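1. requesting a structural model of the entry that follows:
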Amino acid sequence: MIRRPHVGITCLLILSSLGAHAQDAPPESFQSRPYWEVLIGPFALHWSNESEHQHVYLLGIERSLPGAPTWSAGDATIWGFSAFNNSFGQPSAYLYYGYRWDNLFSNPAIYVKLSGGIIYGYKDEYENKVPFNHNGFGLAIIPAVGYRMTPRDAIQIGVLGTAGLIFTYNRRF
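-> The predicted structure follows:
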């Protein structure tokens, strides 16, 4: 269940309007050197309609380390940290490492990410909501697909296992 979905949708529409004049490829500086990216998640969509579900907010930081000689231009190793309010109102965090593949379907604006790491915050009666959870620490693997609106701005959808989807706005710097 989404609480106040109009707020999240409005935020994404406003942010996507910033990218109305997207360029075909990121500037060379983003393809050849490490950079940071801020992630803002204004809402999540849950697969189930549980009455316990609360609004999810996420704020994260990610480091991209563009590739080794065998990777295509722009692909990168990523690592990052996200702090969020989970679906049950508990303060939570995700520390991860992964990979980003650019130019999906030969389109430089579309990318795919796969991250895996340690998730913290699902405690007490919600421990069973995260695999291998022990005292609030569990494991997570999150695939995501994104669309780069401009060289600095993107929107992204991450799959949260059997729980749902998280929608984020990402800003490179």
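
2. hey, let's count contacts and neighbours off CA atoms from now on
-> Will do.

3. now the end-to-end length of stretch 87-96.
-> 19 Å (CA to CA, to the nearest Å).

4. kindly apply the preceding question to stretch 82-90 instead.
-> 14 Å.

5. can you tell me how far the nearest residue to residue 156 once chain neighbours are set aside is from residue 109?
-> With CA to CA, 6 or more residues apart in numbering as the criterion, residue 156 has its nearest non-adjacent residue at 4.0 Å, and that residue is residue 146. Distance, residue 146 to residue 109, by CA to CA: 8 Å.

6. which secondary structure element of the protein has the lowest mean pLDDT?
-> Taking mean pLDDT, DSSP states H and E as the measure, helix 5-17 is the helix or strand of the chain with the lowest mean score, a mean of 50.

7. all strands of this structure, in order?
-> All strands of the chain, identified by DSSP state E, fall at 35-46, 57-66, 76-85, 91-101, 110-120, 137-148, 153-160, 164-172.

8. just the buried residues of the shortest one, please?
-> In terms of neighbour count (16 or more other CA atoms under 10 Å), strand 153-160 has its buried residues at 153-160.

9. can I get the strands of the chain in a markdown table with distance to residue 131?
-> Below are the strands of the chain laid out as a markdown table (distance: least, CA to CA, whole Å):
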| stretch | distance to residue 131 |
| --- | --- |
| strand 35-46 | 17 |
| strand 57-66 | 20 |
| strand 76-85 | 18 |
| strand 91-101 | 13 |
| strand 110-120 | 10 |
| strand 137-148 | 6 |
| strand 153-160 | 12 |
| strand 164-172 | 15 |
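
10. now those in CSV, with mean pLDDT and distance to residue 128?
-> Formatted as CSV, the strands of the chain follow (pLDDT from 0 to 100; distance: least, CA to CA, whole Å):
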stretch, mean pLDDT, distance to residue 128
strand 35-46, 95, 16
strand 57-66, 95, 21
strand 76-85, 96, 17
strand 91-101, 97, 15
strand 110-120, 97, 13
strand 137-148, 97, 10
strand 153-160, 97, 14
strand 164-172, 97, 16
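
11. of all these, which one is nearest residue 127?
-> strand 137-148 (8.5 Å; CA to CA).

12. quick one: list the elements packing against the closest one.
-> When contacts are defined as 3 or more CA pairs under 8 Å, 6 or more residues apart in numbering; DSSP states H and E, strand 137-148 sits against strand 110-120, strand 153-160.

13. residue 106 - how many residues pack around it?
-> 9 (other CA atoms under 10 Å).

14. please tell me how far it sits from residue 37.
-> On the measure of CA to CA, residue 106 and residue 37 end up 23 Å apart.
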